[in-house]
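> what shape does this take:
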Amino acid sequence: MRFFSGVTKARVRKILVYAVYIILLSSIQVSFPDAFSFLGQTADIVFVFVVLSGYFNGFWDGAVVGFICGLLRDVLSPPAVVGLDGDVRVTAFIGAFTLFAAGIIGASFFTKRMHHNIPFSIVSVIFATFCYKTAGYLLIYGWSVLAGTGSTIYGPLTAFIYSFLPQVLLNSIASLFIIVLLRFLGPVSFKGNANKDEVIEREGDGTWLGI
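This next block holds a predicted model:
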């Protein structure tokens with residue numbers, strides 16, 4: 001009975017902490033974008049949070065948290081694109097797919113044994129950011145060419161210097177703050193006695209399967 005009580009408390013705590021962080025970080029991201037900007041780029045703190053959630057806490061945490069954060073992003077600030085007819089249209093589920101993928105990338109980066117290593121967690125954010133920016137650039141460039149607005153898109157070198165590098169720098173700085181949250185005030189405790197650690201270990205990647 002004590003074991004099941006510990007599992008239940010760990011699960012409830014995990015859900016509540018994730019819920020608070022998702023709402024808080026999404027609100028900050030949308031409300032104060034200029035506070036985290038440099039050279040026209042803005043630190044994507046929600047993206048960083050999703051990647052690190054997957055990195056530290058496993059596949060299901062990254063996937064589920066990423067999908068929820070993405071849906072929230074699609075509601076609060078959906079991206080818009082110029083259609084082939086020249087009209088601007090709001091897209092759907094781009095955020096959900098992007099952050100879902102980011103959580104999976106974070107969880108899959110290096111081996112599971114490395115997933116308590118803080119320096120490599122920053123490397124995972126850098127890698128995921130490059131994947132995100134590369135995929136976005138290719139999609140936007142290809143779509144803009146089809147829509148007849150290709151001339152407004154940066155060339156590869158210019159995009160790398162003025163888009164990729166500033167974004168990597170900002171996300172890397174944001175990751176330091178998110179790492180502190182996840183390690184010391186996160187949904188999974190990295191402290192405590194052996195019994196508590198065993199409960200968390202048993203929860204592991206399959207926590208969301210039991211919700």
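> please count neighbours and contacts with C-alpha atoms only from this point.
Will do.
> can you show me the helices along the chain?
With DSSP state H as the criterion, the chain has helices at 2-31, 45-57, 59-76, 94-108, 118-147, 156-159, 165-184, 194-203.
> so which of those helices is the most surrounded?
helix 45-57 (a mean of 29; mean count of other Cα atoms under 10 Å).
> between helix 59-76 and it, find me the angle.
For helix 45-57 against helix 59-76, the angle by axes from the mean of the first three to the mean of the last three Cα atoms, to 10 degrees is 170 degrees.
> quick one: helix 45-57 to helix 165-184, angle?
Going by the same axes, to 10 degrees, helix 45-57 makes 50 degrees with helix 165-184.
> quick one: mean pLDDT over helix 45-57.
Mean per-residue pLDDT for helix 45-57: 94.
> returning to that earlier point: which one of the helices of the chain lies nearest to Ser37?
Among the helices of the chain, helix 165-184 comes nearest to Ser37, with 7.7 Å by Cα to Cα.
> circling back: for Leu39, which of the helices of the chain is the nearest?
Between Leu39 and the helices of the chain, the shortest separation by Cα to Cα is 6.7 Å, and it involves helix 165-184.
> how far off centre is the closest one?
In terms of Cα atoms, centre = their mean, to the nearest Å, the centre of helix 165-184 is found 11 Å from the chain centre.
> ok, stretch 65-80 next?
With Cα atoms, centre = their mean, you get 11 Å for stretch 65-80.
> cool, stretch 63-83 as well?
Here stretch 63-83 is found 11 Å from its chain centre; the criterion is Cα atoms, centre = their mean.
> repeat for stretch 54-61
For stretch 54-61, the distance to the chain centre is 11 Å (Cα atoms, centre = their mean).
> got it, and stretch 12-32?
Going by Cα atoms, centre = their mean, where stretch 12-32 is centred and where its chain is centred differ by 12 Å.
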